[in-house]
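Participant: return atomic coordinates for the entry below.
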Amino acid sequence: MLNELNNKVMSIPKQVDPYNKVIVTIKSCKTRKQLEGAIRMANNFKSLYKKVGYPKTLSYNLDRTIYKQHNICQ
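Facilitator: Predicted coordinates for the structure are as follows:
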């Protein structure tokens, strides 16, 4: 019975894992060239998930993270 409850309580959307991978990639960039690759990765994520529908906050957070990392890599 407890196992059934645990399975029902934790439901993680499929977008979260790829989204977190993009965020980690952006934050790990040390150079401009690396950041350019991460920006392409973020744009691919946005275009793919725009087709299936996803919260706009994910796109906004990606843009903010890129902006912050851009300031660090200068």
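Participant: can you list the weak-confidence ranges in this protein?
Facilitator: For the chain, residues meeting the criterion pLDDT under 70 lie at 1-16.
Participant: nearest residue to the middle of it?
Facilitator: Y19 (2.5 Å; CA atoms, centre = their mean).
Participant: surely it meets L58?
Facilitator: Yes. Judged on CB atoms under 8 Å, Y19 makes contact with L58 at a distance of 5.5 Å. All C-beta spots, glycine's among them, are computed from the backbone N, C-alpha and C.
Participant: what helix or strand is S47 on?
Facilitator: helix 32-52 (DSSP states H and E).
Participant: next structured bit after that helix?
Facilitator: Beyond helix 32-52 toward the C-terminal end (DSSP H and E), the next one is helix 56-72.
Participant: buried ones in that following helix, by neighbour count?
Facilitator: L58, S59, L62, T65, I66, Q69 (16 or more other CB atoms under 10 Å).
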